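Enquirer: A predicted structure for the sequence below; I have some questions about it.
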Amino acid sequence: MTTEPLLSVRDLTVSFDTDDGLVQAVNGVSFDVHPGETLAVVGESGSGKSVTAMATMRLLPRSARISGSITFDGRDLLSLSDREMRRIQGEDIAMIFQDPMTALNPVFTVGNQLAEAIRIHHPDVSKKAASERSIELLEIVGIPEPRIRVENYPHEFSGGMRQRAMIAMAIANQPKLLIADEPTTALDVTIQAQVIEVMRKAQEATGAAMILITHDLGLVAGVAERVQVMYGGRLFETGDTGTIYYRSRNPYTQGLMRSIPTFAKRTDERLSPIPGSPPSAINLPAGCSFRPRCEFAEAICRDEEPALRPLDPAGAHQSRCHFAEELPDFSQRTAEVAG
Amino acid sequence: MIAVFAYVARRIMTTIPLLLVGTFIVYALTASVADPLAKLATCNQCDQAAFDRLIDLYDLDKPIPLRYVYWMRDAATGDMGQAPTEGSAEVFPLVMDRAINTARLAIPAFLIIATLAVALGVYSAVNQYSKSDYFVTGFSFVGISMPTFVFALLLQVIFAVWWQDWFDAKPFYVSQMHTGSISEVVRSHILPITTLVLVITAAESRFERASMLEVINSDYIRTARAKGLPRRRVVLKHGLRNAMIPLVTIWAIDFAALLGGSVVTETIFSWPGLGPLLLRAIFNGDLNLTMGIIMFISLLVIFFNLIADLVYGMLDPRIRYE
């Protein structure tokens, strides 16, 4: 953690003006990503995790109001012109999207779309060389017979293969940062682990840092070094993966853990979903936004919004909860229940 | 490639029963209301011999299905009969002659419509809710709501009548297909073509706008942008081809309709095309002529539908001919 961060997001706030009012999608989010590391961003739908990623890629619609700063490799992305930003998109930062069924253009071959990703940033690469490189990329992501497959259209690929092709496209230019937005959500469970493995390999091959956005905390283990949990557009907890898994100090994170089937099974605890539903981004509840669903909520939670507080001297583990220190350990609690 | 030929051959085979059923319905209906003998009923000098001659000439003593079979048998050999209400002219050359006149309006009009509709639709979609988008959608709204004859008459009054009063110049001819100098020929084409373009572009550009809007909000456009492609390339390479696929069907319908003759436009501009001819044939109860034109229009519709299906396959690799 002594290296300069590759990506440094400070006080990022994103809101949308809609007919129903101002939607606060992301609210004062700050975090760093260091070269080569993998950061998982976890949260339910509407927690602002995808919007954070889209803001970093500058892919939000013009109607989005963005404030704060996003510094990548020493440059403030939010102040770049569209033209300058295009040089970074797909070259230094690449993105893998959620639904591989619709993320590839149906009327062009996979090879065409791969070669395009290369040649738009490296016009000096010949068509033939770009095509050779496309085949090589398909091979890296584990597509059999890449020489034949490169000529296929997306509809001739299965969902898992399409996501592999998307990963191949993302690593085509050896980016420094990969942003994967729910890359396995739309896939069969049996394919999910394979695709995560391919992403890890792709990351190894390029040395890229990665932001893995997911609503599935179970996916994160063994992939990410650090985890940050988002809720209602705010960061709720951040820390090393092990810390978050075993010593979470936030009721929301603990709730997410209890809704992972394997965790619940291991500890004999019943699978217990978090009651209620995520807050509306238009009318966030006063005080702590998780309060209405929180089993530990007290009067102070309604009156005062908790700050994101460091829980260790280095500040590696931070939690947004008035009772962070008093909360029972997740592992202890489950042990009690089991015993 | 072989699959495509087999597909076309099969489509042409299925055309035959379609054409038979279609023409039979039109024949039966027209023959039921168009009775050549009715015209003679009020004729004082006509004797029984005149009636007999007509009955013999048009097989009026035979049932309609049988008369249809006779007509079809002749039509299959290229003999479409004569048009008694057009001075007994041969139907086939007459229809072809008028079809060429109609095509002189239809082909340029279609090319302009297709280009304009795509350009306006795409521009409007890419700049959604901008002033220019409101302008384009406003124009198409007016174009769709106003009947064709209003445009045709307005254009005539403004550019062929008032203009001459104001500037003492004759920019366009008010009516009729001129055959003189090139300038005269061009000037007589402009107003009717403009009428067709205004009305049909209005509908098509609206359709293309909707189609393009759907495309630019799709995931693969976001992927293209995430690759760092310039906006122009995102729209023109990744957007346009997808957004044109649904338009192809509309083009096939509109082009076939244009080549089949536009009754209102051609009538208002006294254009000797298929539209006024068909109208006259129906009013005069000219069975052979009506059938000749209907046959031509049916073939146009069938042909352009087939072309549309083939173009589909070229634009969209997901479509297979099996």
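Expert: Everything's here; your move.
Enquirer: helix, strand, or coil at B:Thr249?
Expert: The local conformation at B:Thr249, judged by DSSP: H, G, I helix; E, B strand; the rest coil, is helix.
Enquirer: pretty sure it sits against B:Ala308.
Expert: Yes. The pair formed by B:Thr249 and B:Ala308 meets the contact definition of C-beta atoms under 8 Å, at 5.6 Å. C-betas here are computed from N, CA, C, even on glycine.
Enquirer: let me know how buried the residue of the stretch 51-200 of chain B found nearest chain A is, in neighbour terms.
Expert: Residue nearest to chain A within the stretch 51-200 of chain B: B:Tyr129 (9.8 Å; C-beta to the nearest C-beta). Burial of B:Tyr129 is recorded as 9 neighbouring residues (other C-beta atoms under 10 Å in any protein chain shown).
Enquirer: make sure it is indeed in a helix.
Expert: No. When the secondary structure is assigned by three-state DSSP, B:Tyr129 falls in coil instead of a helix.
Enquirer: write out the residues of chain B neighbouring chain A.
Expert: Proximity of chain B to chain A, by C-beta under 8 Å from any C-beta of the partner chain, involves residues B:218-220, B:222-231, B:233, B:238, B:241-242, B:315-318.
Enquirer: give the closest residue to A:Phe290 in space, chain neighbours not counted.
Expert: Spatially, and ignoring its direct neighbours in sequence, A:Phe290 is nearest to A:Tyr252 (5.0 Å; C-beta to C-beta, 6 or more residues apart in numbering or on different chains).
Enquirer: SS state for B:Val157?
Expert: Each residue gets one of three states, and B:Val157 gets helix by three-state DSSP.
Enquirer: which among the residues of chain B next to chain A end up buried?
Expert: Of all the residues of chain B next to chain A considered here, the ones buried according to neighbour count by 16 or more other C-beta atoms under 10 Å in any protein chain shown are B:218-220, B:222-229, B:238, B:241-242, B:316-317.
Enquirer: tell me which entries of these lie within helices.
Expert: Where these overlap with helices, as defined by DSSP state H, the overlap consists of B:Asp219, B:Tyr220, B:Arg222, B:Thr223, B:Ala224, B:Arg225, B:Ala226, B:Arg241, B:Asn242.
Enquirer: in TSV, list these along with distance to A:Asp73 and pLDDT.
Expert: Shown next, in TSV, are those (distance: C-beta to C-beta, whole Å; pLDDT from 0 to 100):
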residue	distance to A:Asp73	pLDDT
B:Asp219	27	94
B:Tyr220	28	96
B:Arg222	23	95
B:Thr223	23	96
B:Ala224	23	96
B:Arg225	20	95
B:Ala226	18	95
B:Arg241	35	92
B:Asn242	34	94
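Enquirer: show me which pair in those residues is furthest apart.
Expert: Longest distance between any two of these is 19.2 Å, between B:Ala226 and B:Arg241; criterion C-beta to C-beta.
Enquirer: tell me the domain ranges of the chain?
Expert: Here I'm looking at chain A. Here the domain parsing of chain A from automatic domain parsing is A:7-224, A:229-338.
Enquirer: try chain B instead
Expert: Partitioning chain B according to automatic domain parsing yields domains covering residues B:2-91, B:93-315.
Enquirer: for stretch B:300-314, what is the distance to the chain centroid?
Expert: The gap between where stretch B:300-314 is centred and where its chain is centred comes out at 15 Å by C-alpha atoms, centre = their mean, to the nearest Å.
Enquirer: cool, and stretch B:214-231?
Expert: Counting by C-alpha atoms, centre = their mean, stretch B:214-231 is centred 36 Å from the centre of its parent chain.
Enquirer: mind listing the helices for the stretch 101-250 of chain A?
Expert: In the stretch 101-250 of chain A, the segments counted as helices under DSSP state H, counting those that start in this stretch are A:110-121, A:127-140, A:146-149, A:159-170, A:189-206, A:241-246.
Enquirer: just name the most buried of those.
Expert: Looking across the helices of the stretch 101-250 of chain A with neighbours counted as mean count of other C-beta atoms under 10 Å in any protein chain shown, the highest average goes to helix A:159-170: a mean of 25.
Enquirer: give me the neighbour count for residue 4.
Expert: If you meant another chain, say so; for now it's chain A. 10.
Enquirer: that answer is for a different chain, and I need it for chain B
Expert: Other residues within reach of B:Val4 by the criterion other C-beta under 10 Å amount to 13.
Enquirer: the one 10 residues further on too?
Expert: When counting by other C-beta under 10 Å, one arrives at 10 neighbours for B:Thr14.
Enquirer: and it, what helix or strand is that in?
Expert: B:Thr14 is located in helix B:2-33, with elements delineated by DSSP states H and E.
Enquirer: what's that helix packed up against?
Expert: Counting contacts by 3 or more C-beta pairs under 8 Å, 6 or more residues apart in numbering or on different chains; DSSP states H and E, the secondary-structure elements packed against helix B:2-33 are helix B:64-76, helix B:287-315.
Enquirer: chain center to it: distance?
Expert: Centroid separation between helix B:2-33 and its chain, computed with C-alpha atoms, centre = their mean, is 18 Å.
Enquirer: got it, and stretch B:109-121?
Expert: When C-alpha coordinates are averaged (C-alpha atoms, centre = their mean), stretch B:109-121 and its chain have centres 16 Å apart.
Enquirer: kindly report the same for stretch B:78-92.
Expert: Distance, centroid of stretch B:78-92 to centroid of chain: 23 Å (C-alpha atoms, centre = their mean).
Enquirer: who's in contact with it?
Expert: By C-beta atoms under 8 Å, 6 or more residues apart in numbering or on different chains, the surrounding residues in contact with stretch B:78-92 are B:36, B:71, B:74-75, B:94-95, B:280-281, B:284-286, B:288-289, B:291-292, B:295.
Enquirer: now do 7 Å
Expert: Where contact means C-beta atoms under 7 Å, 6 or more residues apart in numbering or on different chains, the residues beyond stretch B:78-92 that reach it are B:Asp74, B:Leu94, B:Asn284, B:Asp286, B:Asn288, B:Leu289, B:Gly292.
Enquirer: counting neighbours, what do you get for the nearest residue to A:Leu104 once chain neighbours are set aside?
Expert: Beyond its immediate neighbours in the sequence, the residue positioned closest to A:Leu104 (C-beta to C-beta, 6+ apart) is A:Pro154, lying 4.0 Å away. If you count neighbours by other C-beta under 10 Å, A:Pro154 ends up with 24.
Enquirer: and A:Leu284, by the same measure?
Expert: Neighbour number of A:Leu284 under other C-beta under 10 Å is 16.
Enquirer: thinking A:Val220 is in contact with A:Ala40, fair?
Expert: Yes. A:Val220 is in contact with A:Ala40 according to C-beta atoms under 7 Å; the separation is 4.2 Å.
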